[in-house]
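Asks: Output the structure for:
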Amino acid sequence: MSNVSPINKEFRTAPDQQSGQMSNTPASQQKISAANSEPSDDLSRLYDAKVMMVDDEPLNLEVTQIYLEAAGYSQFVSTDDPMKAVALLDSERPDVLLLDVKMPGKSGFEILGEMKQKQMLQDVPTIVLTASSDAETKLQALELGATDFLAKPVDPSELVLRMRNTLAAKAYRDRLANYDRLTGLPNRRTFIERLEWALDYAPRRNKPGAALLIDLDGFKRINDALGPALGDELLQLVAGRIGTVLRLVEILSKFQTDEARPTLSRMASDEFAMLLPVLSRPDSAAQVAQRVLEAVASPFSLGGQELQITCGIGIAVFPDDGMDTDSIVRNASVAMHHAKREKKHSYQFYSHELNARALHRLSLGNELRKAIERNELRLLYQPKNDIQTGKVCGCEALVRWLHPEFGLVGPDEFIELAEETGLINSFGEWVMRAACMQIKAWQSAGLTAPRMSVNVSSHQFLEARLPDTLRRILDQTGADPASLGIEITEGMLLKNAEANVKVLEDLKAMGIRLSMDDFGTGYSSLSYLNSFPLDELKIDRSFMAEIQQDGDRSAIVSAIIAMAHSMEMKVVAEGVENEHQLQFLKAHGCDEYQGFMVSKPVLPKEFAERFLGATYRAQETPD
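Replies: Take a look at the predicted model:
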């Protein structure tokens, strides 16, 4: 005879207390891992555990249940048929198992052995009931995974004590395995389990759901600057802010049923995930994402200073974007990385187009390491013209990747990949060497080589060896340092201003010209410029695009020119495409310009023939 208590049928559909979802997670784990994920010292919660008993004597089952009911336990499942025990364990997933050892047909040892083979049953704590006191029996049970022993006949006080200790230990292990210690939030493992549940139930609800991946911008830099203690405090504060959004979302009546409550998890160091099991419509996730962006953007008070941080959010909607956990997490990650690349502090929905772009980037990344050794990199040159005479007075060297399959690949597609893969310094050195070799080749051909500017990435510039690298390349190529300039963005200079001044001074002492590129798109403050030994400012092309329609932009451009001149710096305007822009710049005293109005970037041979007045077969790449 076997008996399954009716109360267990209610338990099987009990909602998870943290997520509100219908869960197979045992009740003790659900209750202990309550909202806010804070551990509880209230042991009465343990008495909500589901207890399973296996004994071939029905009287033993009845007596044991009476003892446990008197102690406060209320959920039981039991069987006196050991042949059915493992199947019942698999369907009921109890919090604790009381298992008799000596039974006809199948012993408790055999049941423990079968549990050990099933991954989902390995963690069920098992108290072995045995009349035997010999060490061999206990050792065998321990080797098979038993947690504790209880002598038969059962003493009620000892039974209650061992049950309480076993469940308390299980609850602690469950918390370590399923919750993040720093923030108290569910961890990645728990998020995946809840997402799996949401995907299983999605077809029944006939409503979409969504997963949001939230990744902080520049957290490593902040953590390095402030130290790990304040970095951890910042993560706790961010988790609290996003948690406030989560509670607000619950209050709004878009998620009305209890099992559809949203949940927040910490996936990795500075990455969080929000699960929205039910949406009124797919774009409802955008409203939640926008609230998260606003919450994170508000200044934090940390270590006696005010700090602002931004984030990128990727959104995958199910069932449209996938119906398995791997697809949803991967697609949300694709969308999140797209958001971080395309626009600072924004959210992005996943799309098949985004996925195709991600696969394309992966393919490029795999081949990027071979680009230099295969001689696939090219330098193109765009002229810089004197604004008064219109004559070429310089050029900017721009790197391209001549990919055998995709053709000419622009830097927007592979420079970031080079940074991610740790290749950026090798690429930067190749560009510097190729530029210096081109200067020398033009000079050796009897041409007046124009001053050549080369962009330097933040990784290159922050390398303390940059002056040494350039000095070595100049010595090896024989190029004139006065013909070389480097372009740096303002954000790069301000990351470590004091150390950067020394690097700039070393470069300046070598005779290399220094230019601040894309001015106006970053900090946009002229007050710090006197601290750096710069020769010129380059006004970002975005100002040129709006100069006709936007009076404020025109005023800013004229102010930049005037103030730069007051600091004895030349001004170069980028992106000049029409006569109106050129006349505006000329009227306000800009020194030089470059853009499609004169020429797009061209190969060395074309540059020499068009702008240096000679027919010359230029060396395009270094040996």
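Asks: Tell me the bridge partners for Met53.
Replies: On the basis of DSSP bridges, Met53 is bridged to Ser78, Leu98.
Asks: so who does it touch?
Replies: Taking C-beta atoms under 8 Å, 6 or more residues apart in numbering, we find Met53 in contact with Leu61, Thr64, Gln65, Phe76, Val77, Ser78, Thr79, Leu97, Leu98, Leu99. Placement of C-beta: from N, CA and C, glycine included.
Asks: now those residues as JSON lines including distance to Arg261 and neighbour count?
Replies: Listed next are these as JSON lines, based on distance: C-beta to C-beta, whole Å; neighbours: other C-beta atoms under 10 Å:
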{"residue": "Leu61", "distance to Arg261": "37", "neighbour count": "22"}
{"residue": "Thr64", "distance to Arg261": "36", "neighbour count": "22"}
{"residue": "Gln65", "distance to Arg261": "34", "neighbour count": "18"}
{"residue": "Phe76", "distance to Arg261": "29", "neighbour count": "22"}
{"residue": "Val77", "distance to Arg261": "28", "neighbour count": "24"}
{"residue": "Ser78", "distance to Arg261": "33", "neighbour count": "23"}
{"residue": "Thr79", "distance to Arg261": "35", "neighbour count": "22"}
{"residue": "Leu97", "distance to Arg261": "31", "neighbour count": "27"}
{"residue": "Leu98", "distance to Arg261": "34", "neighbour count": "27"}
{"residue": "Leu99", "distance to Arg261": "36", "neighbour count": "28"}
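Asks: Now flag whichever of those residues is closest to Ala202.
Replies: Val77 (29.1 Å; C-beta to C-beta).
Asks: Double-check Thr190 against Tyr179; I have them as touching.
Replies: Yes - distance between Thr190 and Tyr179: 6.9 Å, which falls inside the contact criterion (C-beta atoms under 8 Å).
Asks: Could you tell me the end-to-end distance of stretch 485-504?
Replies: Start-to-end span of stretch 485-504 (C-alpha to C-alpha, to the nearest Å) is 12 Å.
Asks: Which residues belonging to it are considered buried?
Replies: Gly485, Ile486, Glu487, Ile488, Thr489, Glu490, Met492, Leu493, Asn500, Val503, Leu504 (16 or more other C-beta atoms under 10 Å).
Asks: do stretch 584-601 as well
Replies: Buried residues in stretch 584-601 (16+ other C-beta under 10 Å): Phe584, Leu585, His588, Cys590, Asp591, Glu592, Tyr593, Gln594, Gly595, Val598, Ser599, Pro601.
Asks: tell me which of those residues is nearest to Asp412?
Replies: Closest to Asp412, out of all of the buried residues of stretch 584-601 and judged by C-beta to C-beta, is Pro601, at 13.5 Å.
Asks: Let me know the helix or strand that Val292 is in.
Replies: Using DSSP states H and E, Val292 sits within helix 284-297.
Asks: I'd like to know which elements that helix is packed against.
Replies: Using 3 or more C-beta pairs under 8 Å, 6 or more residues apart in numbering; DSSP states H and E as the contact test, the elements touching helix 284-297 are strand 209-216, helix 228-251, strand 271-276, strand 311-318, strand 347-349.
Asks: To Tyr528, which of these lies closest?
Replies: helix 228-251 (25.4 Å).
Asks: to the chain's geometric centre, what's the distance from stretch 275-288?
Replies: Mean-position distance between stretch 275-288 and its chain equals 21 Å (C-alpha atoms, centre = their mean, to the nearest Å).
Asks: Let me have the helices and strands packed on helix 284-297 in TSV, extended by distance to Val51, mean pLDDT and mean neighbour count.
Replies: Formatted as TSV, the helices and strands packed on helix 284-297 follow (distance: least, C-beta to C-beta, whole Å; pLDDT from 0 to 100; neighbours: other C-beta atoms under 10 Å):
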stretch	distance to Val51	mean pLDDT	mean neighbour count
strand 209-216	34	95	26
helix 228-251	32	88	16
strand 271-276	31	95	24
strand 311-318	36	94	26
strand 347-349	46	91	23
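Asks: Dump the ones you listed to JSON lines, plus distance to Val572.
Replies: Below are the helices and strands packed on helix 284-297 laid out as JSON lines (distance: least, C-beta to C-beta, whole Å):
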{"stretch": "strand 209-216", "distance to Val572": "35"}
{"stretch": "helix 228-251", "distance to Val572": "39"}
{"stretch": "strand 271-276", "distance to Val572": "40"}
{"stretch": "strand 311-318", "distance to Val572": "32"}
{"stretch": "strand 347-349", "distance to Val572": "34"}
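Asks: List just the nearest of the buried residues of stretch 584-601 to Ala198.
Replies: Set against Ala198, the nearest of the buried residues of stretch 584-601 by C-beta to C-beta is Pro601 (49.9 Å).
Asks: Next one: the closest one from Ile313, what distance?
Replies: Counting by C-beta to C-beta, to the nearest Å, the separation of Pro601 from Ile313 is 35 Å.
Asks: Okay, now the sheet partners of the lengthiest strand in the chain, with direction.
Replies: Longest strand in the chain by number of residues, with DSSP state E as the criterion: strand 392-403. With DSSP bridges as the test, strand 392-403 is paired with strand 377-386 (antiparallel), strand 407-409 (antiparallel), strand 451-455 (parallel).
Asks: So which residue is smack in the middle of the chain?
Replies: Nearest to the mean C-alpha position of the chain, by C-alpha atoms, centre = their mean, lies Asp215 at 4.4 Å.
Asks: does that residue have beta-bridge partners, and which?
Replies: With beta bridges defined as DSSP bridges, Asp215 has these partners: Glu271, Gly312.
Asks: ok, it touching Met336?
Replies: Yes - with contact defined as C-beta under 8 Å, Asp215 and Met336 form a contacting pair (5.5 Å).
Asks: what residues are shared contacts of these two?
Replies: Taking C-beta under 8 Å, 6+ apart as the criterion, Asp215 and Met336 both touch Gly312, Ile313, Gly314.
Asks: a markdown table please, covering those residues and showing distance to Ile328.
Replies: Output for the shared contacts of Asp215 and Met336, formatted as a markdown table (distance: C-beta to C-beta, whole Å):
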| residue | distance to Ile328 |
| --- | --- |
| Gly312 | 17 |
| Ile313 | 14 |
| Gly314 | 11 |
